[in-house]
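Enquirer: sequence and computational prediction follow.
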Amino acid sequence: MNICMILQTDFPPDIRVEKEVKSLIKCGHHVHLVCKNVKRKESLSRVENFYIHRLIPFKGVLKKFNKIKMFPAPFNPAWSNLVRKVIINYSINVLHVHDLPLAPLAVSMGRKFCIPVIYDMHENYPEALKAWNKKGFEKIIKSPFIAKIVEKRVVRKADKLIVVIEEQKQRLEKSGIHSDKIIVLSNTVDTEKFVPKGKSQSIREELQSDFILTYVGGLDENRGLETLIKAFYLFLFYHHNAKLLIVGSGRKKENLINLTKKLKIILNVQFTDWIPFDMVPDYVMASDVCLIPQPVNGHSNTTIPHKLFQYMSMGKPVIVSDAKPLARIVRETKSGLVFNSNDEESLVKAIIKLYNDMEREKMGDNGKQAVLDKYNWSRTQNSLLDLYKRIL
């Protein structure tokens, strides 16, 4: 089968897309990915049966307009022309679109060429826009209100919907979408790829601490990192040699560094830049406890981050906010503790409890076993492959 995936961002990286492509190619499918090209890579590249078709950027005096040319919108001719070209030239059988911005384009092309459309909902996009709190012109063109209207139309017109968590499926069912149309394909970990390189001990030695708390991910709005830093400040009164490791980059990084300076804990907080994905397992392995402080809202209540299962796969106990999917999975698997969202006192109590708790190692073991039994991509991918068998 010839599959055309549509992705609004540059590729690589995208962990979810990489896992899906890997599974589909292994089953003999040919995958053509249409994506943005801000990084100005080659317009067409191929690895085995995986083709990446990138938008061709302007050159010379026109290159300042590349942001406009590559803006992911269904009415943008750069996107529609490239998708149309791929459909015709490669006899595409299925359109698989990731996220909402280009989903209307996929639906339109699907109708025009009589091709089934799969809408892969990485998240609850309207609620995500609320949480991201865009500013200025971006706030106008990425309006949560408009996104909600577009989503309502797309989920009815797409042939199949993929969601990352059961809570998102329940939301769609309440809006009138039949359950048979929705497939849960969670952000579970690829245990064959997420493997340490043996550098965790050197990371621990560099931090010079006997208790390391770690967060890996974006340093943007809606991450709860201010709450984490304030809770860590309180914890240092209890254990002054602890270290907080924050791995990632984002718009809020300077604000977070300034907060650690204001609280006079900058020596106990280690910020890294964004690291290559293959280094993440070593940073997780070097940790004693891993955290997801993401606050409760309409977005976090209907999605699940990859990092939860990545932490668990390394046998690390986790502390998560009481966002519904996070809390449910951690409590079901007994892999860590749950704290009250946006509450540093609740969070520091959880940290202290895990620091003292003889069950800390047991919680890590529980999480690792849960990944081996259930929350791994080898098992999750079966839902994707079954979906394509039904379409075929």
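Expert: Good, I have the coordinates.
Enquirer: so where is the protein shaky, pLDDT-wise?
Expert: 133-141 (pLDDT under 70).
Enquirer: tell me the domain boundaries of it?
Expert: 2-188+376-391, 200-373 (automatic domain parsing).
Enquirer: which one of those domains has the most crowded surroundings?
Expert: Highest mean neighbour count of the domains of the chain: domain 200-373, a mean of 19 (counted as mean count of other C-beta atoms under 10 Å). Yep, even glycine has a C-beta here, placed from its N, CA and C like the rest.
Enquirer: and the strands in the stretch 251-392 of the chain?
Expert: 269-272, 289-292, 318-321, 336-339 (DSSP state E, counting those that start in this stretch).
Enquirer: what's the last one packed up against?
Expert: For strand 336-339, the packing partners by 3 or more C-beta pairs under 8 Å, 6 or more residues apart in numbering; DSSP states H and E come out as strand 318-321, helix 324-333, helix 344-356.
Enquirer: dump the shortest one to PDB, restricted to CA.
Expert: Think strand 318-321. What follows is strand 318-321 as a C-alpha-only set of coordinates in PDB (Å, rounded to 0.1, in the frame of the first residue of the first chain):
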ATOM      1  CA  VAL A 318       7.700   9.100  38.700                       C
ATOM      2  CA  ILE A 319       5.900  12.100  40.200                       C
ATOM      3  CA  VAL A 320       3.100  13.400  38.000                       C
ATOM      4  CA  SER A 321       0.400  16.000  38.300                       C
END
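Enquirer: show me what it is packed against.
Expert: Using 3+ C-beta pairs under 8 Å, 6+ apart, strand 318-321 sits against strand 289-292, helix 306-313, helix 324-333, strand 336-339, helix 344-356.
Enquirer: that older thread, redo the domains of the chain as TSV? Include distance to F194.
Expert: Formatted as TSV, the domains of the chain follow (distance: least, C-beta to C-beta, whole Å):
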stretch	distance to F194
domain 2-188+376-391	9
domain 200-373	5
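Enquirer: name the residues that touch stretch 319-336?
Expert: 165-167, 224, 289-297, 300-304, 308, 312, 317-318, 337-341, 347, 350-351, 354, 363-364, 366-367, 370, 375 (C-beta atoms under 8 Å, 6 or more residues apart in numbering).
Enquirer: and if you look at stretch 369-385?
Expert: 19-20, 23-24, 27, 162, 183-186, 188-192, 309, 312-313, 329, 333, 335.
Enquirer: where do the helices sit along the stretch 1-150 of the chain?
Expert: 15-26, 66-69, 77-89, 103-113, 125-132, 136-141, 144-157 (DSSP state H, counting those that start in this stretch).
Enquirer: excluding its backbone neighbours, what's nearest V195?
Expert: In space, and not counting its chain neighbours, V195 is closest to P281: 5.8 Å by C-beta to C-beta, 6 or more residues apart in numbering.
Enquirer: equivalent analysis for D159, please.
Expert: P116 (4.3 Å).
Enquirer: what about that neighbour, distance to E173?
Expert: Counting by C-beta to C-beta, to the nearest Å, the gap from P116 to E173 is 21 Å.
Enquirer: cool, and P72?
Expert: 28 Å.
Enquirer: residues making contact with stretch 108-121?
Expert: So stretch 108-121 is contacted by 16, 20, 74, 80, 83-84, 87, 92-100, 103, 106-107, 154-155, 157-164, 168, 185, 387, 391 (C-beta under 8 Å, 6+ apart).
Enquirer: swap in stretch 185-192?
Expert: Contacts for stretch 185-192 (C-beta under 8 Å, 6+ apart): 15-16, 19-20, 22, 120, 162-165, 304-306, 309-310, 312-313, 371-372, 375-380, 383-384.
Enquirer: between the two ends of that stretch, how far is it?
Expert: End-to-end distance for stretch 185-192: 18 Å, by C-alpha to C-alpha, to the nearest Å.
Enquirer: same check on stretch 290-298?
Expert: With C-alpha to C-alpha as the measure, stretch 290-298 spans 23 Å from end to end.
Enquirer: just how off-centre is it within its chain?
Expert: 13 Å (C-alpha atoms, centre = their mean, to the nearest Å).
Enquirer: ditto for stretch 149-160
Expert: 22 Å.
Enquirer: can you check stretch 280-298 too?
Expert: 13 Å.
Enquirer: and if you look at stretch 381-392?
Expert: 22 Å.
Enquirer: kindly format the C-alpha coordinates of that stretch as PDB.
Expert: The C-alpha trace of stretch 381-392 is given here as PDB (Å, rounded to 0.1, in the frame of the first residue of the first chain):
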ATOM      1  CA  GLN A 381       1.700  -0.800  16.900                       C
ATOM      2  CA  ASN A 382      -0.700  -3.700  16.400                       C
ATOM      3  CA  SER A 383      -3.600  -1.300  16.500                       C
ATOM      4  CA  LEU A 384      -2.000   0.700  13.700                       C
ATOM      5  CA  LEU A 385      -1.300  -2.300  11.600                       C
ATOM      6  CA  ASP A 386      -4.800  -3.700  12.200                       C
ATOM      7  CA  LEU A 387      -6.300  -0.400  11.100                       C
ATOM      8  CA  TYR A 388      -4.300  -0.500   7.800                       C
ATOM      9  CA  LYS A 389      -5.300  -4.200   7.200                       C
ATOM     10  CA  ARG A 390      -9.000  -3.100   7.500                       C
ATOM     11  CA  ILE A 391      -8.500  -0.300   5.100                       C
ATOM     12  CA  LEU A 392      -6.700  -2.600   2.600                       C
END
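Enquirer: fine by me, thanks again.
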